[in-house]
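Peer 1: Mind looking at a prediction? Sequence and model below.
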Amino acid sequence: MIRIRTRLFILHVLVLTLLVVLAVRLWQVQVVRGQEFVTRAAETRTRTVIVPAVRGQILDSSGRPLVRNQTSLVVSVDRTALLRTPDRGVGVLRKLGAVLGKPLKELQQRIRPCGPTVSQPCWTGSPYQPVPIEEKANTREALQILERQEEFPGITAEIQSVRQYPLGRAGAQMLGYLQPVTEAELEKREGLKAAYSGVDLAGRDGLEQVYDEALRGKSGQRRVQVDRMGKPIGLEQEVRPVSGDHLITSIDAGLQEVTERALHRAMKSAPRADGGAAVVLDARTGRVLALASAPGYDPEIWAGGITAGAYQRLMSEKSGKPLVSRAINGQFAPGSTFKVSSVAAMLRAGYPIDGQYGCPGSYMVGDRAFNNFRGIGLGTLTLHTALVKSCDTIFYRAAYEQYLRDGGRNPKKTVKEVFANTARGFGFGSPTGVDLPGESAGRIPDRAWKKEMWTLTSATNCKRAQTGYPEVTDRARAEFLKRLAHENCTEGFVLRPGDSANFSIGQGDVLVTPLQLARAYAALVSDGKLRSPRIGWARVRPDGTVVETYDVPVVGKLPINEKERVYIKNALSEVASDGTAAGAFSGFPMDKVRIGGKTGTAEVWGKADTSWFASFAPTKDPRFVVVAMISQGGMGSQAAAPAVREIYEGIYGIKRPAVLPGGRPVDVLPVFRPDGTVARG
């Protein structure tokens, strides 16, 4: 009996203790932490939805869209939500694949995060943001997803704006493309966390990258009340997004298309052509009116993620690396178009502007004969005629004489290097500063460059001097390469006489980009000032209010006086009518508009010649500078000059309506109506 009472007492104590603990806990929950749990409970009934801003358009100088937005049904996958399902989303993706007509494996690859060991296709953005896997879904597909939402957890179908390119492939490298902001970028750059919403796309190349901040706008937020299944039941709070600004460029859409067609036709006419570029500048302002590079690609290939095969094609040598802009990244020997710099160098070195110069068929530079084109001598010429007829030996001689004055193989303590320094004064050897990313600098090979290159390559050259090139099947070429390696091993740091001769006619190790050459010619035929070319002209709000304009900065001055500049310009004014480009411009109405310029034919080991033509028009008061380059296009008059002629025919309305009425660039910003449409352009 006593034992039973003891047990009952202990049981009563335990019950009372539990009741006290429960009461204390209830007091803590309801009184001490009551407000905290109320807040948490409220949070579980709301969802914050990021509302991306509408990205600004990229417009041409008349307000016509180069890149615009188009509303589309976009199907996206929230990978985090899928991973919470019992089978980690396999079943949901299988159903989604049946709706969209896509295999399960492709969908799984598209939503997996990219990484060092993960190849394309994969998701380059944050793993916590929805992955768009179909950007052109139709209404039937969207309704199947939305009406059976319980079968598609983590899957959304929403109307969003996607990028559209009215000109198709034209100007793809210049315009750029969009890609998601990666988690790594957000972690590395704290400023991005505030600027990007996590679902925004960022410009990765071209104008999209340079003007990304202005185009992007500011994302909004929407706090939505949801039920226990996560379905929206009401709107709690909304902060509307701020649309991005439009970018007005100096590009003319019609001229861009004409330039692209001319470039592709020129490449087609040259059987071995493997690439090309064309640049049209406003000679007075330095603004870019057209910028083309071939081969090109369809920029819509980036929409919804790019496949591994497609990306490889964009970067492969076999397809010509279409992702790379040859206009600003392609570096080529300029050939005789470079002689404008060499004439200026001769004048700086003291050669008389009105002097008479012999143009023999060949000239001995050291112990080697350097020949004129086809070994033809042209007698005694002025520098004016040397440019028109493109004599080489006059420049070989002048460059060799200056080389000897600097000490030749044993340079003086202080060398003038007048040819190299003059070329730098023309802007060669450094980026132009154009508002595009990744521009190449070109190359002006002087004595310092030779030493630097020898330091970097001597070990390889010395090794090759011993082993040769057994992998090269052409025995003659293999033997040549072995001898060259031996020469570079033993004295590769020495600037040789032949280096100076080749430099003077834009051959050897000299490299320029098409945009650099166009910039130099624009300075030469206008006011002598070097400008940093600009494509962006103004930033405007969607209603047309101008926010900011972008000026073209003057960054230098040509190293010649006004008399010398006009002398060179006047010589170039005869090339298309009486000089090396006369054949290409036969029948062109020079009485309507006179074209000036310079052909260039640059030899490349193991390949066909690079074809160049650098031009300006009209010759008396230039408004345009047009430069074309065709890799493996042959002589300058064969491929590049005809392309330039076709561009001028488009500008001035010869054979077809003019793309630039009045034959001059647009110099006034377009006017917009309050609804954002163009009233005048």
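Peer 2: Thanks, I have the structure now.

Peer 1: use CA for all of it now, contacts and neighbours both
Peer 2: OK.

Peer 1: how long is stretch 241-252 from one end to the other?
Peer 2: Stretch 241-252 stretches 31 Å from its first residue to its last (C-alpha to C-alpha, to the nearest Å).

Peer 1: what about it, distance to the chain center?
Peer 2: 18 Å (C-alpha atoms, centre = their mean, to the nearest Å).

Peer 1: do the same with stretch 100-120
Peer 2: Relative to the centre of its chain, stretch 100-120 is centred 28 Å away, using C-alpha atoms, centre = their mean.

Peer 1: Send me that stretch as CSV with only the CA atoms.
Peer 2: This file holds the C-alpha atoms of stretch 100-120, laid out as CSV (Å, rounded to 0.1, in the frame of the first residue of the first chain):
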residue,chain,number,x,y,z
LEU,A,100,7.9,21.4,-74.7
GLY,A,101,9.1,18.5,-76.9
LYS,A,102,12.5,18.4,-75.3
PRO,A,103,14.4,15.3,-74.0
LEU,A,104,14.9,14.9,-70.3
LYS,A,105,18.7,14.9,-70.6
GLU,A,106,18.7,18.2,-72.4
LEU,A,107,16.6,19.9,-69.7
GLN,A,108,18.8,18.4,-66.9
GLN,A,109,21.9,19.8,-68.6
ARG,A,110,20.4,23.2,-69.2
ILE,A,111,19.6,23.7,-65.5
ARG,A,112,22.8,22.4,-64.0
PRO,A,113,25.3,25.0,-62.7
CYS,A,114,28.4,25.6,-64.9
GLY,A,115,31.7,24.8,-63.3
PRO,A,116,35.3,23.9,-64.1
THR,A,117,34.4,20.3,-64.9
VAL,A,118,30.9,21.0,-66.4
SER,A,119,30.8,21.7,-70.1
GLN,A,120,28.1,23.5,-72.1
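
Peer 1: Just the mean pLDDT for it, thanks.
Peer 2: Per-residue pLDDT over stretch 100-120 has a mean of 79.

Peer 1: repeat for stretch 580-589
Peer 2: 95.

Peer 1: in that stretch, what's buried?
Peer 2: Using 16 or more other C-alpha atoms under 10 Å as the test for burial, stretch 580-589 gives Thr580, Ala581, Ala582, Ala584, Phe585, Phe588.

Peer 1: you'd agree Arg326 is up against Asp274?
Peer 2: No - between Arg326 and Asp274 there is no contact under C-alpha atoms under 8 Å: 11.2 Å.

Peer 1: returning to that earlier point: for Gly633, state which of the buried residues of stretch 580-589 is nearest.
Peer 2: For those, the residue nearest Gly633 by C-alpha to C-alpha is Ala584; the value is 14.0 Å.

Peer 1: Checking that closest one next. Helix, strand or coil?
Peer 2: Counting by DSSP: H, G, I helix; E, B strand; the rest coil, the backbone at Ala584 sits in coil.

Peer 1: Could you do the one 10 residues further on as well?
Peer 2: At Arg594, secondary structure determined by three-state DSSP is coil.

Peer 1: do Asp509 as well
Peer 2: Relying on three-state DSSP, one would call Asp509 coil.

Peer 1: Could you find the closest non-adjacent residue to it?
Peer 2: Pro445 (6.1 Å; C-alpha to C-alpha, 6 or more residues apart in numbering).
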